[in-house]
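Asks: Take this sequence and fold it.
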Amino acid sequence: MEKGIETSNFKLGIITGGQLGKMLIQEASKWSIDTAVLDNDEECPARAIATHYVKGSHLDFDAVYQFGKTVDLLTFEIESINVEALKKLKSEGVNIQPDPYILELIQDKGLQKQFYSQNGIPTSDYTFYETDTAIQEAIQKGELHFPFVQKLRKGGYDGRGVAVVNGPDDLNKILSGASLVEHKVEIFKEISVIVARNKDGQVMCYPVVEMVFDHKANLVDKLVCPSTITDDQSEKALRIASEIITLMDMQGLLAVEFFIDSKGEVLVNEMAPRTHNSGHHSIESIVTSQFEQHLRAILNLPLGSTQQMMPAVMVNVLGAEGYEGPVLYEGIRECMAIDGVNIHLYGKKITKPYRKMGHVTIVSDSIESALEKAEIVQKLICVKSWKKN
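Replies: Sure thing, here's the model as predicted:
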């Protein structure tokens, strides 16, 4: 693939087949690349459009290993993969991008933090604890003070595996397991930078996006691009993201999430070595979408332009509270009547409260106009079920 796009006998393997895998396959199909997906869910979103589907768990050593032996290049859309199988595949010559050892580092939030500290990358102060009892004892001894944020070192995603402990009344929220505890940052804004790097060392950053969270669901409610942070803050975030992906010698796409604290400091929160929810707007608003860019990076092709064409707001389409079962969408027709509204439904058959069922990107000639339309979309669109709980 490095010498040309000769795809007649080339197979790209993707672990797993969720919405990120589906959107990656949509881009790969433009270049006539055969795709194979490993997923335990026979109704996963990517199955309908993948060239090949293999049923199997991403956590099972044998399933991952056997799948990897059937493809020319292996990539992934999630972090929770059996990394030992990936490392064995790499030792046998299978091309895996991003590298399994990078994935292993990022799977452990403790190793992530150590990486930041060792390389002088700004992040919040932290301490490691092996058990919830050790955290309780540290509080009693006056070694740990409220407020703080506890993060399980492994297994957390989309806000799971995180406990915000503001005071004694929140002690019941403390999670069991090896974790890191951070000083609770007084957050002014949350931002994200997606950066890509190919094998040749070419690095391209996307414009900073500003994230607005639904704190009840602990998920991104909407993202705004361009962001409203200062030029200095933006330049610092872009520089740090470029530095991280270069230090790791990574090939692929990396999403780096940051806090802007109350003093205006830019601090790395965490990162994900894959396409990311905070980059979905790039499909309509950036010259090169994050999905095409990931393919370019892992295939060692020249990276595409990350110039923004239009201001954009993206809103997640989440399953409504009180509904679980076969999905029923409301408000789609009305939203489609609004100029600049682009609806992406992931094809998940079953809805659950706060499950990511799709997203909508609104592009307009100004960010103010896009935000106004986004507010209308959020009022109109609703994901229910034929069966109410």
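Asks: Now do the domain split for the chain, please.
Replies: As given by automatic domain parsing, the domain ranges for the chain are 11-96, 125-183, 187-385.
Asks: between the ones you listed, which one is nearest to Leu105?
Replies: domain 187-385 (7.7 Å; C-beta to C-beta). Backbone N, C-alpha and C define where each C-beta goes, glycine included.
Asks: Any chance of TSV for the domains of the chain, columns mean neighbour count, mean pLDDT and distance to Ile102?
Replies: As requested, the domains of the chain are arranged in TSV below (neighbours: other C-beta atoms under 10 Å; pLDDT from 0 to 100; distance: least, C-beta to C-beta, whole Å):
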stretch	mean neighbour count	mean pLDDT	distance to Ile102
domain 11-96	20	97	10
domain 125-183	15	90	16
domain 187-385	19	95	5
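Asks: Which one of those domains lies nearest to Gly110?
Replies: domain 125-183 (4.4 Å).
Asks: pull the longest helix from the chain.
Replies: helix 231-247 (DSSP state H).
Asks: From the contact counts, what lies against it?
Replies: strand 187-197, strand 203-205, strand 252-261, strand 266-272 (3 or more C-beta pairs under 8 Å, 6 or more residues apart in numbering; DSSP states H and E).
Asks: For Val94, which of those strands is the nearest?
Replies: Across those, closest to Val94 is strand 252-261 (C-beta to C-beta), at 15.2 Å.
Asks: Need the residues that contact the longest helix of the chain.
Replies: Residues from elsewhere that reach helix 231-247, judged by C-beta atoms under 8 Å, 6 or more residues apart in numbering: 119, 121-122, 191, 193-197, 201, 203, 205, 207-208, 227, 229, 254, 256, 258, 260, 264, 266, 268, 271.
Asks: what sits against the closest residue to Gln293 other than its chain neighbours?
Replies: Leaving aside its sequence neighbours, Gln293 sits nearest to Ala196 (C-beta to C-beta, 6 or more residues apart in numbering; 4.7 Å). Shown in contact with Ala196 (C-beta under 8 Å, 6+ apart): Val203, Met204, Cys205, Ile245, Gly252, Leu253, Leu254, Gln293, His294, Arg296, Ala297, Leu303.
Asks: For beta bridges, what are the partners of the fifth one?
Replies: Think Gly252. Arg197 (DSSP bridges).
Asks: Give me the distance between it and Ile25.
Replies: 16 Å (C-beta to C-beta, to the nearest Å).
Asks: and what of the third one?
Replies: Here the criterion is C-beta to C-beta. By it, Cys205 lies 25 Å from Ile25.
Asks: Including distance to Ile106, could the domains of the chain go into TSV?
Replies: Below are the domains of the chain laid out as TSV (distance: least, C-beta to C-beta, whole Å):
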stretch	distance to Ile106
domain 11-96	6
domain 125-183	11
domain 187-385	5
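Asks: quick one, which of the helices and strands packed on helix 231-247 is nearest to Asn9?
Replies: Among these, if distance is taken as C-beta to C-beta, the winner is strand 252-261, at 22.7 Å.
Asks: relative to strand 266-272, how tilted is the closest one?
Replies: 140 degrees (axes from the mean of the first three to the mean of the last three C-alpha atoms, to 10 degrees).
Asks: For burial, what's the neighbour tally of Lys113?
Replies: Counted with other C-beta atoms under 10 Å, residues neighbouring Lys113 total 23.
Asks: ditto for the one 3 residues further on
Replies: Taking other C-beta under 10 Å as the criterion, the count of residues near Tyr116 is 20.
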